[in-house]
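Chemist: could you look at this predicted model? Sequence included:
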Amino acid sequence: MPDPNVEHLARLARLDLSEAEKERMRAQLDAILTYIDKLRQLDTEGVEPTSHAIPMVNVMREDEARPCLPAGAMLANAPEREGDFFRVPKIIEE
Amino acid sequence: MPTIAELGARYRSGEATPTEVVESYLQRIETLDPQVRAYVTLTRESALAQAEAAGKRLKAGRPLSLLDGVPLAIKDVICTNGVRTTCASKILENFVPPYDATVMARLGAAGAVMLGKTNMDEFAMGSSTENSAFFPTRNPWDLARVPGGSSGGSAAAVAADLAAGALGSDTGGSIRQPAAFCGTVGVKPTYGRVSRYGLVAFASSLDQIGPLARTIRDAALLLQVIAGHDPLDSTSTDVPVPDYPAALGQGIQGLRVGIPSEYVIEGMDPEVGKAVSAAIEALKGLGAKTEKVSLPTTDYALAAYYLIAPAEASSNLARYDGVKYGHRAAGGKDLIQMYGRTRAEGFGPEVKRRIMLGTYALSAGYYDAYYGKAQRVRTLVRRDFQQAFERVDVLACPTTPSVAFKLGEKEDPLQMYFCDIFTIPVNLAGLPGVSLPCGFTQSGLPIGLQLIGKPFDESTLLSAAYAYEQATPWHTRAPALT
């Protein structure tokens, strides 16, 4: 049973967990994954994977311009904005 | 407590007006909801305005549909234009969608009235509504107990008659399990039957919107309005929508009902087992033929689900990054720090757990062993059902292994996950399922019977459920709230 690397997973998931949260998470993930491990007992050799229960492929539509919501409506929920832009903390280091 | 069908008849005969009815619902909510806490947001003014408009149409003899003027509760995971949609999460606490989900547009076009948005487990992850970031909802039959989840607010609202009907969403049992716990009807339609446009995504290959109501006929009336293809959801299917209410009352003579032997498990509440057995006898008495069927992969479905659903959730919830909408943590030095803090502050423990689990299942080195394996098991689960449905028309089993439990009783996440052991396989296979009341325990708690149907055969499913409902008294009982 692989030991989930909580630090690494939290980084991948962009979750700043506290030390207490990490401790708890380690124990809980361990219990859940131990249960999930029962899947190994099942032989799935040669079985195709299912990603969607109702099979469908490439739902296409005409490439036509359609009305969309105005920028103001799309920006109305932004935590921070500047003009017609979403404002974020700096990305590039000086 | 009139049903939706009765309300419609009273409106059309002039015996009642939508304004009177909506006012009395708002009054009832004011009196009783402080105990039940089904609603997160009430939309009093717009409800009264919608009721008034419906009243005018009815008076003029031109109602928009059988739902015109009917007051409904909507799970707070469904986007409502201009009305806060929180998913019971801090991260969306102040999110006001700029558009309506397709189901809301359809209900609006049918004249239905929205009373408010209902409480739920955060992002629909949970089975008790205790994972709401705001407050837990109580079971109207026993206020010390949970209403189930994740659509616990919608189920409790319908059970306590704080709405004539409701919409919920079901990813692993989130409509059927709370319906069973609250003694209401809950329908999870076939995957693709109802548009998911505007449904905040949890696990996109499993999520489906469906109705909760006090009777099968009411659920059929609601499903009729929300079902159908939507160009805005490429996974909604272009299969014709039959007349669901018309399918009711045709009887079930000769209906082949399969009894899956794997749906009797150790640790199951004996009162649930007894009530479901009695319900199967009642179906026989109505002319159905029962036979044992086997769904051998059942025991693995829960484990597969807890890889597939969290994997999809970890991707879907990546959008909550504090940039376009929702909560943003203060003081992040750079973008990465802002993301990490925003998500740490905004998500509750269960959501974090599922994001971590999904990230693990999808991470390099584990993808094939976990996610890939789970998808292969999903194929086997589907195959089990396909083989069973070669011999039978519907399957009958308990909705849940136990009745409503007490708040705080299930602290271990894995124990909570087991609540959905009988509902999860249905989502993995994309099938329609209904839960309806089939009795009460000695202590007066409702028990749910689950019927499972073939893809897009909601008509047979509802007609079987209706035959049982009409032959039994359970749907006429109501919780005593004052």
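Modeler: On my side now, so go ahead. Residues are numbered from 1 along each chain as shown, chains lettered A, B, ... in the order given.
Chemist: quick one: residues contacting residue B:334.
Modeler: With contact set as Cβ atoms under 8 Å, 6 or more residues apart in numbering or on different chains, residue B:334 has these partners: A:89-91, A:93. C-beta coordinates here come from the backbone N, C-alpha and C atoms, glycine included.
Chemist: oh sorry, the question was meant for residue B:54
Modeler: Residues near residue B:54 by Cβ under 8 Å, 6+ apart: B:11, B:18, B:63-64, B:68-69, B:111, B:113.
Chemist: and which of those residues is nearest to residue B:82?
Modeler: residue B:113 (15.4 Å; Cβ to Cβ).
Chemist: my guess is that closest one meets residue B:64, correct?
Modeler: No. Using Cβ atoms under 8 Å, residue B:113 is not in contact with residue B:64; the gap is 11.5 Å.
Chemist: who touches whatever residue of the stretch 1-150 of chain B ends up closest to chain A in this structure?
Modeler: Minimum separation of the stretch 1-150 of chain B from chain A (Cβ to the nearest Cβ) falls at residue B:98, amounting to 3.9 Å. Counting by Cβ under 8 Å, 6+ apart, residue B:98 touches A:69, A:73-74, A:76-77, B:81-82.
Chemist: low-confidence regions, chain B specifically.
Modeler: Applying pLDDT under 70 to chain B picks out no residues at all.
Chemist: all strands of it, in order?
Modeler: B:39-42, B:71-75, B:113-118, B:165-170, B:185-188, B:208-213, B:256-260, B:289-293, B:394-398, B:433-440, B:446-453 (DSSP state E).
Chemist: could you confirm whether any residue of the first one contacts chain A?
Modeler: It stands for strand B:39-42. No. Strand B:39-42 is not in contact with chain A by Cβ under 8 Å from any Cβ of the partner chain; minimum separation 15.8 Å.
Chemist: for that strand, packing partners?
Modeler: helix B:18-36, strand B:113-118, helix B:152-159 (3 or more Cβ pairs under 8 Å, 6 or more residues apart in numbering or on different chains; DSSP states H and E).
Chemist: buried ones in the last one?
Modeler: If I follow you right, that is helix B:152-159. B:152-159 (16 or more other Cβ atoms under 10 Å in any protein chain shown).
Chemist: likewise the first one?
Modeler: Taking 16+ other Cβ under 10 Å as the neighbour-count basis, helix B:18-36 is seen to contain the buried residues B:18-19, B:21-23, B:25-26, B:28-29, B:32-33, B:36.
Chemist: would you turn those residues into CSV with distance to residue B:466?
Modeler: Formatted as CSV, the buried residues of helix B:18-36 follow (distance: Cβ to Cβ, whole Å):
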residue, distance to residue B:466
B:18, 26
B:19, 31
B:21, 25
B:22, 28
B:23, 31
B:25, 25
B:26, 31
B:28, 27
B:29, 29
B:32, 29
B:33, 30
B:36, 28
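Chemist: how about the strands of chain B in TSV, adding distance to residue B:425 and mean neighbour count?
Modeler: Shown next, in TSV, are those (distance: least, Cβ to Cβ, whole Å; neighbours: other Cβ atoms under 10 Å in any protein chain shown):
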stretch	distance to residue B:425	mean neighbour count
strand B:39-42	30	20
strand B:71-75	23	30
strand B:113-118	26	28
strand B:165-170	13	29
strand B:185-188	12	33
strand B:208-213	14	30
strand B:256-260	9	20
strand B:289-293	13	14
strand B:394-398	10	25
strand B:433-440	9	28
strand B:446-453	9	28
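Chemist: between those strands, which one is nearest to residue B:273?
Modeler: Across the strands of chain B (criterion: Cβ to Cβ), the nearest stretch is strand B:394-398, sitting at 7.2 Å.
Chemist: now the angle from the closest one to strand B:433-440?
Modeler: 50 degrees (axes from the mean of the first three to the mean of the last three Cα atoms, to 10 degrees).
Chemist: anything in strand B:394-398 near chain A?
Modeler: No. Shown here: strand B:394-398 not in contact with chain A (Cβ under 8 Å from any Cβ), separated by at least 15.8 Å.
Chemist: chain center to that strand: distance?
Modeler: Remark: strand B:394-398 is offset 18 Å from the chain centroid, using Cα atoms, centre = their mean, to the nearest Å.
Chemist: ditto for stretch B:298-309
Modeler: The answer for stretch B:298-309 is 19 Å, by Cα atoms, centre = their mean.
Chemist: the contacts of residue B:98: which two are farthest apart?
Modeler: A:74 and B:82 (14.3 Å).
Chemist: the two: which is more packed in?
Modeler: residue A:74 (16 against 12; other Cβ atoms under 10 Å in any protein chain shown).
Chemist: from chain A, how far out is residue B:474?
Modeler: 31 Å (Cβ to the nearest Cβ, to the nearest Å).
Chemist: hang on, isn't that residue packed against residue B:437?
Modeler: Yes. Residue B:474 lies in contact with residue B:437 (Cβ under 8 Å); the separation is 3.8 Å.
Chemist: shared neighbours, those two?
Modeler: B:183, B:446.
Chemist: how about the residue of chain B found nearest chain A, what does it touch?
Modeler: Closest approach between chain B and chain A, counting by Cβ to the nearest Cβ: residue B:430, at 2.6 Å. Neighbouring residues of residue B:430 by Cβ under 8 Å, 6+ apart: A:52-54, B:190-192, B:382, B:455.
Chemist: what do you get for residue B:128?
Modeler: Counting by Cβ under 8 Å, 6+ apart, residue B:128 touches B:121, B:136, B:146-149, B:152, B:405, B:407, B:410, B:416, B:419.
Chemist: could you do residue B:190 as well?
Modeler: A:54, B:208, B:237, B:430-432, B:453, B:455-458.
Chemist: who wins for neighbours among the residues you listed?
Modeler: residue B:458 (29 neighbours).
Chemist: rewinding a little: please flag which of the contacts of residue B:98 sit within helices.
Modeler: Counted as lying in helices by DSSP state H, out of these, are A:73-74.
Chemist: could you dump the contacts of residue B:98 to CSV with distance to residue B:468?
Modeler: Listed next are the contacts of residue B:98 as CSV, based on distance: Cβ to Cβ, whole Å:
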residue, distance to residue B:468
A:69, 45
A:73, 47
A:74, 48
A:76, 48
A:77, 46
B:81, 38
B:82, 41
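Chemist: the contacts of residue B:98, buried ones only, as a ChimeraX selection?
Modeler: To isolate the buried ones among those in ChimeraX, judged by 16+ other Cβ under 10 Å, type:
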select /A:74,77 /B:81
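Chemist: and which of the contacts of residue B:98 is nearest to residue B:387?
Modeler: Nearest to residue B:387 among those is residue B:81, at 44.4 Å by Cβ to Cβ.
Chemist: can you count the residues close to the residue nearest to that closest one when sequence neighbours are not counted?
Modeler: Using Cβ to Cβ, 6 or more residues apart in numbering or on different chains and skipping residues adjacent in sequence, the residue nearest residue B:81 is residue B:100, 4.4 Å away. Neighbours of residue B:100 under the rule other Cβ under 10 Å: 19.
Chemist: for residue B:100, what are its contacts?
Modeler: B:79-81, B:108, B:198.
Chemist: for chain A, what spans make up the strands?
Modeler: A:81-82, A:85-86.
Chemist: could you dump the ones you listed to JSON lines with distance to chain B?
Modeler: Below are the strands of chain A laid out as JSON lines (distance: least, Cβ to the nearest Cβ, whole Å):
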{"stretch": "strand A:81-82", "distance to chain B": "10"}
{"stretch": "strand A:85-86", "distance to chain B": "5"}
